[in-house]
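Generate coordinates for the sequence data below:
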Amino acid sequence: MTRSEQRQCIVALVYEKTFHPEEPVSELIDLAVEARAFKTDPFIVRAASGVYEHLEQIDGLIGAHCIGWKLQRIPRVPLSILRVAVYELLFEPQIPTGATINEAVELAKTYGGEKDASYINGVLGAIVREQQL
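Down below sits the predicted model:
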């Protein structure tokens, strides 16, 4: 499975968790594997779980850089993409920053709305500059 495919899976899990906040990520993964032959691997499990282990910090950074938006008003798809990308930026240092941002923008072009890609690029760029990543 390519890193891009892994990211798609992670975003899907993070998105699903927005509908089932009380469910542990491990259970969402088990349900996805059972219901739709979802493929998983250690990186997917680590990243999807990691987003929620560090959600307060991740959402704090996103919220601080969402110009003109409150975190609660960001649609679920771009918010899920942002959460996964910020997790990678902060907690997966072996992944190049540029690759993380590029993949997030591509996911937004595929799954998000018309303006999501540029918005995500701007938010992630601001976070990278501030955090000096």
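
CA only for contacts and neighbour counts going forward, please
Fine.

what's the following helix or strand after the helix or strand containing Y52?
Here Y52 is covered by helix 42-53, with elements defined by DSSP states H and E. As assigned by DSSP H and E, the chain's next helix or strand after helix 42-53 is helix 55-65.

rewinding a little: need the contact partners of the helix holding Y52.
Applying CA atoms under 8 Å, 6 or more residues apart in numbering, the external contacts of helix 42-53 come out as 6-7, 9-11, 13-14, 25-26, 29, 58, 83-84, 87-88.

Show the buried residues in those residues.
Buried by 16 or more other CA atoms under 10 Å: 6-7, 9-11, 13-14, 25, 29, 58, 83-84, 87-88, out of the contacts of helix 42-53.

Mind putting those into a markdown table with secondary structure?
Formatted as a markdown table, the buried ones among the contacts of helix 42-53 follow (DSSP: H, G, I helix; E, B strand; the rest coil):
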| residue | secondary structure |
| --- | --- |
| Q6 | helix |
| R7 | helix |
| C9 | helix |
| I10 | helix |
| V11 | helix |
| L13 | helix |
| V14 | helix |
| V25 | helix |
| I29 | helix |
| I58 | helix |
| R83 | helix |
| V84 | helix |
| Y87 | helix |
| E88 | helix |
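
Pick the one among those residues closest to G112.
For the buried ones among the contacts of helix 42-53, the closest approach to G112 (CA to CA) belongs to V11, at 11.6 Å.

Hmm, that closest one is touching V86, no?
No: the pair V11 / V86 is not scored as a contact, 11.9 Å apart, by CA atoms under 8 Å.
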